[in-house]
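1. Fold the following, please.
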Amino acid sequence: MQDHGYEAGRLNLPFVGISTFAKSPYVENWNEIDADVAIVGAPFDFGTQWRPGARFGPRAVREASTLFSFGHAGAYDHEDDATYLDGTVRMVDLGDADIIHTKTEESHANIAHAVGKILQAGALPVTIGGDHSINIPCINAFAEGCAQNGPIHVVQIDAHLDFVDERHGVTVGHGNPMRRAIEKDYVSGMTQLGIRNVSSTAKEGYEDARARGSDILSVRQVRKLGSEAVLARIPEGTRYYVTIDIDAFCPSIASGTGTPSHGGFQYYDVLEILQGLAKRGDVVGIDLVEVAPAYDPTESTQILAAQLLLNFLGFIFHERAQR
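-> A predicted model of the protein is given here:
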């Protein structure tokens, strides 16, 4: 967010101008990133097993984010009596990683390169997918940094466990990312929230996940425990990587996704956990995936995604300023 836009002599309404994320400055040269947080798109959906379309997610989420970019010098929250994302938080948009059609390995490598550039610059990477397979290169990009700064704990918010090891030779599709993540020696553990109903992962996958240190909770279990009790199960004072699949939410508010699953979260179910997480440790990476805008003519799915990311970023940098 920039300084108060009205004082600059221009109204700059949401539908005016270029749709960078939250109307942040665009940085084309990735060797010149000077920011606290950097947004990068990963418009890759070749890992899907059913409906494609998440390749258009980054563009849709960016456009939706302009709704929250009136130039009010941050966002005042009367419940918290706090102004989030004021002019002290430097946010930039790097555009998209280059995607090569039919080439998963090369496309994933380009995504990892983008996230790596953000980490080298000392900024918080926020990657907008794309299908959930883009989490694989995002996690890969943390290898060098974790060797210096310590491991990461992955917090997944999703309808599906995504813990498939291999099927017919496929190891890097959108059903594989959490299995690939837990194999990394710099991933210390995993909390998987919202997992429910018919899953892409068989019983053996759940057993494997738990044996490798994963804590798995369904939507109903999260609601029964409450956000404070859920947060208490997540290791405190560590470095968190948060991956959010939009199908974690109920299709009644997020129909624009390739694999909708009823019985999902409502907005505040997730927001309260994310706010608590920002207070509990250091969030060092985020991805939000599986927004497929063609399946939601109301455009509310991408608005939900943009609002969630902006609020989460607000919480993160507010807490960092308090430390």
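2. Could you check the pLDDT of His72?
-> pLDDT recorded at His72 is 64.
3. do the one 5 residues further on as well
-> The pLDDT attached to Asp77 in the predicted structure is 92.
4. try Tyr6
-> 60.
5. how about the lengthiest helix in the chain: buried residues?
-> Assignment by DSSP state H gives helix 300-322 as the longest helix of the chain. Going by neighbour count (16 or more other Cβ atoms under 10 Å), the buried part of helix 300-322 is 300-319. To be clear about C-beta, it is placed using only N, CA and C from the backbone, and glycine gets the same treatment.
6. Kindly report the same for stretch 178-192.
-> For stretch 178-192, using 16+ other Cβ under 10 Å, the buried residues are 178-182, 184, 186-192.
7. again with stretch 227-241
-> Result for stretch 227-241 [16+ other Cβ under 10 Å]: buried residues 227, 230-231, 234, 238-241.
8. what do you get for stretch 154-165?
-> Within stretch 154-165, the residues that qualify as buried by neighbour count (16+ other Cβ under 10 Å) are 154-164.
9. now what about the host helix or strand of Glu144, what contacts it?
-> Element membership for Glu144, per DSSP states H and E: helix 143-149. Helix 143-149 is contacted from outside by 116, 119, 152, 184, 186, 239, 284, using Cβ atoms under 8 Å, 6 or more residues apart in numbering.
10. Mind putting those into TSV with pLDDT and secondary structure?
-> Conversion of these to TSV gives the following (pLDDT from 0 to 100; DSSP: H, G, I helix; E, B strand; the rest coil):
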residue	pLDDT	secondary structure
Gly116	98	helix
Leu119	98	helix
Ile152	98	strand
Lys184	97	coil
Tyr186	97	coil
Arg239	98	strand
Val284	98	strand
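11. Which pair of those residues spans the longest distance?
-> Spanning the widest gap among these are Gly116 and Arg239, at 16.5 Å by Cβ to Cβ.
12. secondary structure class for Val40?
-> strand (DSSP: H, G, I helix; E, B strand; the rest coil).
13. Please tell me how far it sits from Phe56.
-> In this structure, Val40 and Phe56 are 16 Å apart, going by Cβ to Cβ, to the nearest Å.
14. If you count surrounding residues, which of those two has more?
-> Using other Cβ atoms under 10 Å, the more surrounded residue of Val40 and Phe56 is Val40, with 26 against 18.
15. I'd like the distance between the closest residue to Pro52 other than its chain neighbours and Arg280.
-> Of all residues not flanking Pro52 in the chain, Asp45 sits nearest, at 4.9 Å (Cβ to Cβ, 6 or more residues apart in numbering). Per Cβ to Cβ, Asp45 is found 32 Å from Arg280.
16. who has more neighbours, the two?
-> Remark: of Asp45 and Arg280, Asp45 carries more neighbours, 25 against 18, as counted by other Cβ under 10 Å.
17. Verify the stated contact: that one with Gly53.
-> Yes - applying Cβ atoms under 8 Å, one finds Asp45 in contact with Gly53, separated by 6.5 Å.
18. Return every residue with contacts to both of those two.
-> Joint contacts of Asp45 and Gly53 (Cβ under 8 Å, 6+ apart) are 258, 292.
19. Flag every buried residue along the helix holding Glu144.
-> Across helix 143-149, burial judged by 16+ other Cβ under 10 Å covers 145-146.
20. List the neighbouring strands of the helix or strand following it plus their orientation.
-> Using DSSP H and E, the helix or strand that follows helix 143-149 in sequence is strand 152-157. Next to strand 152-157 in the sheet, as set by DSSP bridges, lie strand 187-193 (parallel), strand 239-245 (parallel).
21. any weak-confidence spans in the stretch 101-250 of the chain?
-> Within the stretch 101-250 of the chain, no range satisfies pLDDT under 70.
22. Please enumerate the helices of it.
-> Counting by DSSP state H, counting those that start in this stretch, one finds helices in the stretch 101-250 of the chain at the ranges 104-120, 135-140, 143-149, 177-182, 203-211, 219-225, 227-232.
23. Out of the ones you listed, flag the one nearest Gly17.
-> helix 104-120 (23.5 Å).
24. got a list of contacts for that closest one?
-> Helix 104-120 is contacted from outside by 30-31, 33, 38, 40, 42, 44, 46-47, 94, 97-100, 124-125, 127, 130, 133-134, 136-138, 140-142, 144-145, 172, 285, using Cβ under 8 Å, 6+ apart.
25. and that helix, how far out from the chain's middle?
-> Taking Cα atoms, centre = their mean, to the nearest Å, one finds the center of helix 104-120 at 16 Å from the center of the full chain.
26. in it, what counts as buried?
-> 104, 107-112, 114-119.
27. Which one of the residues you listed is nearest to Val222?
-> Val115 (28.1 Å).
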